[in-house]
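Student: next input, structure requested:
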Amino acid sequence: MPFAKNDVVRHPRKPEWGLGKVLADCDDSSVRVFFVDAGEKTLNQDFAQLVKVPASESGHALLQNLKVTKGGKGIGFQSLPTLIKKFERQFPGGFSGDAYFKEEREYKLAAHSLMKELLDESGFQCLLENRGHEEISKRARAVVNKTNLIFPNEKMALKEGLESGANAEAFSGALFSLLYGKEGMQQRFERFGDCLEALGAAKWTTATYFLFVRFPQGHMFMKPEVTQEAAKVCNFELSYKADLNWATYEKLTAFSRYLFRELTTNGLPPVDMIDVQSFIWCTGESNA
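Tutor: Model prediction:
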């Protein structure tokens with residue numbers, strides 16, 4: 001039977017390939033399909049006898065955010081089970097192993113604890129009400145300096161941008177809004193991004209660091225190159241742009257939530273986004 005672009009299918013003799021998405025309309029014997037656990041395949045329709053999946057069963061985060069490269073096959077696609085095996089070779093015991101905790105998790109938890117101590121909501125609010133903008137900036141920089149996640153030159157750009165009292169005041173308000181504001185997340189993220197732009201510190205690492213460290217249960221940190229590489233390996237469309245923008249951050253959030261679910265399903269359950277970020281880092285770095 002002919003298939004249309006974006007139809008979701010299964011291969012009846014290859015259930016281990018998982019759901020597949022048809023990549024182009026086909027009116028001849030061959031069909032291009034990307035399978036969640038096998039990557040792209042070009043199949044003979046008569047031989048494969050693919051089965052179209054009903055809409056009620058066709059939802060999958062990767063297929064909904066699939067990156068299709070020009071000319072066909074995704075470069076270097078690897079399935080989650082393959083990536084998990086690589087991760088566990090590097091860190092025996094996975095997220096529960098001693099090596100992983102010491103190398104990847106311990107210092108990020110220390111930054112999380114420091115941020116809760118220095119910039120919890122009530123204390124932060126009190127500092128704002130008393131115009132303690134310089135102290136807020138000092139505390140924010142202490143949290144930044146607790147890890148090596150932000151590059152030294154980007155830390156310096158933030159430090160220099162906060163030397164102005166007006167900039168420190170604007171930063172304090174934007175950071176409080178980002179972390180604890182009542183507006184929608186898009187409005188809060190964009191306000192913080194605009195503030196960093198005014199400070200000369202508008203980098204993805206700085207823009208995503210504070211939410212990630214303060215609320216690692218639901219927010220992701222991004223180092224652009226390694227995150228792009230990990231997304232490419234997974235064929236996940238990150239919609240990356242160097243300038244801070246909501247669309248890319250939204251895709252980053254979708255990518256991290258997709259990985260959280262899939263890692264859990266495949267026997268490597270993360271505790272939080274700290275674990276997912278480490279998985280992204282190891283995946284992207286090893287395939288760069």
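Student: contacts only, for the residue of the chain most remote from its centre.
Tutor: Relative to the centre of the chain, and counting by C-alpha atoms, centre = their mean, the farthest-placed residue is residue 46 at 39.3 Å. Contact analysis of residue 46 by C-beta atoms under 8 Å, 6 or more residues apart in numbering lists residue 29. C-beta here means a position set from N, CA and C on the backbone, and glycine is covered the same way.
Student: recalculate using a threshold of 6 Å.
Tutor: By C-beta atoms under 6 Å, 6 or more residues apart in numbering, no residues touch residue 46.
Student: that's a strand at it, yeah?
Tutor: No. Residue 46: not assigned to a strand; according to DSSP: H, G, I helix; E, B strand; the rest coil it is helix.
Student: tell me the pLDDT of it.
Tutor: Residue 46 is assigned a predicted lDDT (pLDDT) of 76.
Student: ditto for the one 4 residues further on
Tutor: The confidence metric pLDDT takes the value 89 at residue 50.
Student: skipping adjacent residues, who's closest to it in space?
Tutor: Leaving aside its chain neighbours, residue 50 sits nearest to residue 9 (4.4 Å; criterion: C-beta to C-beta, 6 or more residues apart in numbering).
Student: specify the beta-bridge partners of that neighbour.
Tutor: In this structure, residue 9 has beta-bridge partners residue 20, residue 52, where bridges are defined by DSSP bridges.
Student: give me every residue that touches it.
Tutor: 20, 50, 52.
Student: distance of residue 259 relative to residue 65?
Tutor: As for residue 259, its distance to residue 65 is 12 Å (criterion: C-beta to C-beta, to the nearest Å).
Student: same question, residue 148
Tutor: Using C-beta to C-beta, residue 148 is found at 30 Å from residue 65.
Student: the more surrounded of residue 259 and residue 65?
Tutor: Neighbours around residue 259 and residue 65, counted as other C-beta atoms under 10 Å, are more numerous at residue 259. The numbers are 28 against 18.
Student: if I read this right, that one contacts residue 278, doesn't it?
Tutor: No. Between residue 259 and residue 278 there is no contact, the gap being 10.8 Å when judged by C-beta atoms under 6 Å.
Student: just the strands in the chain please.
Tutor: Counting by DSSP state E, the chain has strands at residues 8-10, 20-22, 30-35, 39-44, 51-52.
Student: wait, which of these is closest to residue 77?
Tutor: When those are compared by C-beta to C-beta, strand 39-44 sits nearest residue 77, at 4.1 Å.
Student: buried ones in the closest one, by neighbour count?
Tutor: The neighbour-count criterion (16 or more other C-beta atoms under 10 Å) identifies 39-41, 43 as the buried residues of strand 39-44.
Student: orientation of it relative to strand 30-35 in degrees?
Tutor: Computed with axes from the mean of the first three to the mean of the last three C-alpha atoms, to 10 degrees, the direction of strand 39-44 lies at 160 degrees from that of strand 30-35.
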